[in-house]
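Asks: using only what follows, build the 3D model:
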Amino acid sequence: MNKKLAFVIYYHKHNIYSFNAIVGALETDKIIEDIDLFFLRNKEELFKGLKKIIKDYEKLVVGISFFTTQLFEINNLMKILKKNFKDKCLFVAGGPHPTGDPQGTLKIGFDIVIVGEGEETIIELMKKIVLKEKFEDVVGISYLGENGKYFYTGKRNMVNLNNYPPFPLINTKFGAIEITRGCPYVCYFCQTPYISGTQPRHRSVELITTYVKHLYNYYGDQTDIRFITPNSFSYGSHDGKELNLLKVEELLSNIRELIGKKARIYFGTFPSEVRPEHVTNKSLELILKYTNNDNITIGAQSGSQKILDICHREHSIEDIYNAVELTLKSNLKINVDFIFGLPQENEDDIKLTIEMMRNLANMGARIHTHSFIPLPQTPFATLPIDYVSTRYKKAIKNLISKGFAFGDWKKQETIAIKISQYLRKSKLE
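Replies: This next block holds a predicted model:
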């Protein structure tokens with residue numbers, strides 16, 4: 001006799017945080033008792049796993065979350081999966097790219113796209129599937145009906161983070177703890193505000209420390225605590241712009257008291273950065289007092305105020321220099337993100353950005369290099385882009401050779417051109 005429903009998760013290293021949140025949400029509902037979960041980490045494991053699992057289940061839901069930079073890889077993967085497992089699998093997509101481009105995602109072979117935040121949607125969807133009911137009335141999904149007609153069931157209300165854990169506690173998959181969702185700045189190259197809204201929502205200190213306790217009970221003094229947030233110093237802020245450092249300190253001090261001196265806290269660094277104007281003596285004091293950071297990461301993005309304004313960054317060139325100076329004076333290292341090839345950038349803007357990178361490197365900062373990548377649903381999504389300029393390439397090469405810069409800008413440059421062509425033509429080539 002075939003078993004109950006299987007939820008097969010493509011638990012790729014780049015997408016684990018998305019699935020940690022989704023599975024954590026499923027575990028808050030009794031529906032989890034009717035689902036067997038499988039976490040498969042790469043293409044080979046997924047293919048082999050499906051061949052084996054499919055024999056024992058009446059129906060499989062295959063969940064895949066992905067970024068726009070993974071689009072072509074996922075397109076190739078779906079061709080193989082649909083060819084071999086089409087009849088018995090329901091393919092469900094979610095994450096940043098499917099949310100921004102649901103119609104395109106359906107075209108590459110997915111049956112359902114979860115649009116936006118998925119915690120509540122996945123619970124309702126799984127209930128429908130388990131009960132063998134039609135899923136078409138589940139809010140927050142897209143699908144293709146008869147004759148390929150596109151349907152979108154509407155947007156859900158934003159999720160209350162306090163209602164769901166940041167990672168699974170039953171099917172133990174620990175990781176970084178999401179403390180804030182939503183960003184008020186609406187940078188024109190970034191998907192975050194379009195997916196999660198502009199009003200910050202914070203997970204409570206009490207609940208965060210509860211999840212930290214789970215980590216500490218599991219790892220002991222080897223515990224590393226990291227956070228997911230659009231902007232680390234904005235934790236507890238009512239609008240994400242005016243800082244509430246008392247709340248940040250409450251968070252960090254409670255965690256430090258819980259885990260003791262040997263376990264580690266990292267804040268304002270991977271996988272979340274801070275905004276330059278939020279780097280102050282007081283915010284840096286919290287890093288020095290409670291965390292194990294030897295560095296922080298800030299987003300500068302450009303050395304041209306014109307480009308910063310076009311990108312809707314809402315900070316100044318002076319803010320960047322000030323953040324670097326204060327950080328280095330605090331005996332912390334600092335990584336500074338720059339994006340090359342932003343829309344409307346001209347030779348003067350390139351010159352200003354190169355000059356700033358050199359100045360910051362001479363001060364002691366490390367430059368984190370990025371190529372501009374257009375993302376669906378953002379204001380810059382369909383603007384024309386070109387390869388990174390020769391002037392940039394020479395400057396980057398020089399900085400890297402001296403140990404002042406690092407990053408995957410070259411790899412990003414190649415994929416950015418392909419993504420731009422796709423977003424402008426809505427066709428994979």
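Asks: can I assume residue 174 sits in a strand?
Replies: No. Judged by DSSP: H, G, I helix; E, B strand; the rest coil, residue 174 forms no part of a strand; its state is coil.
Asks: OK, contacts around it?
Replies: Counting by C-beta atoms under 8 Å, 6 or more residues apart in numbering, residue 174 touches 167, 214, 215, 218, 219. Where C-beta positions appear, they are placed from N, C-alpha and C, glycine not excepted.
Asks: wait, the third one touches residue 225, no?
Replies: Yes. Between residue 215 and residue 225 there is a contact at 6.7 Å, judged by C-beta atoms under 8 Å.
Asks: ok, of the contacts of residue 174, which come out buried?
Replies: Buried positions within the contacts of residue 174, assessed by neighbour count (16 or more other C-beta atoms under 10 Å), are 167, 214, 215.
Asks: and the residues you listed, which is closest to residue 134?
Replies: Of all the buried ones among the contacts of residue 174, residue 167 has the smallest distance to residue 134: 31.1 Å, by C-beta to C-beta.
Asks: name the helix or strand for the closest one, please.
Replies: Residue 167 belongs to no helix or strand when assigned by DSSP states H and E.
Asks: pLDDT score for it?
Replies: pLDDT for residue 167: 97.
Asks: dihedrals phi and psi, the residue nearest to it when sequence neighbours are not counted?
Replies: Sequence neighbours aside, residue 20 is the residue nearest to residue 167 in space, at 3.9 Å (criterion: C-beta to C-beta, 6 or more residues apart in numbering). For residue 20, the backbone dihedrals are phi -60, psi -40 (criterion: degrees, to the nearest 10).
Asks: for the one 5 residues further on, same thing?
Replies: Backbone torsions of residue 25, given as degrees, to the nearest 10, read phi -70, psi -40.
Asks: OK, contacts around it?
Replies: Residue 25 touches 118, 119, 120, 122, 123, 164, 165, counting by C-beta under 8 Å, 6+ apart.
Asks: residue 190 and residue 52, how far apart?
Replies: The gap separating residue 190 from residue 52 is 40 Å, by C-beta to C-beta, to the nearest Å.
Asks: more crowded one of these two?
Replies: Legend: neighbour count by other C-beta atoms under 10 Å for residue 190 and residue 52, higher for residue 190 (21 against 9).
Asks: residues contacting residue 195?
Replies: 96, 99, 100, 116, 117, 377.
Asks: take these and keep only those in helices.
Replies: 96, 99, 100 (DSSP state H).
Asks: I'd guess residue 151 is in a helix, am I close?
Replies: No. Counting by three-state DSSP, residue 151 falls outside a helix, being strand.
Asks: so how many other residues sit close to it?
Replies: By other C-beta under 10 Å, neighbour count at residue 151 equals 12.
Asks: ok so, going back, residues contacting the residue nearest to residue 167?
Replies: Residues in contact with residue 20 (C-beta under 8 Å, 6+ apart) are 166, 167, 168, 173, 175.
Asks: for the residues you listed, which one is nearest residue 417?
Replies: For the contacts of residue 20, the nearest to residue 417 is residue 175 (32.1 Å; C-beta to C-beta).
Asks: please produce JSON lines containing the contacts of residue 25, extended by secondary structure.
Replies: Formatted as JSON lines, the contacts of residue 25 follow (three-state DSSP):
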{"residue": "118", "secondary structure": "coil"}
{"residue": "119", "secondary structure": "helix"}
{"residue": "120", "secondary structure": "helix"}
{"residue": "122", "secondary structure": "helix"}
{"residue": "123", "secondary structure": "helix"}
{"residue": "164", "secondary structure": "coil"}
{"residue": "165", "secondary structure": "coil"}
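Asks: name the nearest of these relative to residue 304.
Replies: Minimum distance to residue 304 across these is 37.2 Å, recorded for residue 118 (C-beta to C-beta).
Asks: OK, contacts around the closest one?
Replies: Neighbouring residues of residue 118 by C-beta under 8 Å, 6+ apart: 18, 21, 22, 25, 94, 140.
Asks: can you pull the pLDDT of it?
Replies: Predicted confidence (pLDDT) at residue 118: the value is 96.
Asks: hey, where'd the strands end up in the stretch 301-429 of the chain?
Replies: Along the stretch 301-429 of the chain, counting by DSSP state E, counting those that start in this stretch, strands occupy 333-340, 366-371, 405-407.
Asks: for residue 373, see how far away residue 173 is.
Replies: Noted for residue 173: a distance of 28 Å to residue 373, by C-beta to C-beta.
Asks: okay, the two: which has more neighbours?
Replies: More neighbours surround residue 373 than the other of residue 173 and residue 373, with 20 against 17 (other C-beta under 10 Å).
Asks: ok, the closest residue to the more buried one other than its chain neighbours - contacts?
Replies: Leaving aside its sequence neighbours, residue 373 sits nearest to residue 416 (C-beta to C-beta, 6+ apart; 4.5 Å). Contact analysis of residue 416 by C-beta under 8 Å, 6+ apart lists 341, 371, 372, 373, 374, 385.
Asks: can you list those in CSV and add pLDDT?
Replies: Formatted as CSV, the contacts of residue 416 follow (pLDDT from 0 to 100):
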residue, pLDDT
341, 97
371, 98
372, 98
373, 98
374, 97
385, 92
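Asks: between these, which sits nearest residue 322?
Replies: Of all the contacts of residue 416, residue 322 sits closest to residue 372, with 25.0 Å by C-beta to C-beta.
Asks: ok, of the contacts of residue 195, which one's closest to residue 261?
Replies: Distance to residue 261 across the contacts of residue 195 (C-beta to C-beta) is lowest for residue 117, with 36.4 Å.
Asks: next one: that closest one from residue 415, what distance?
Replies: Distance from residue 117 to residue 415, by C-beta to C-beta: 26 Å.
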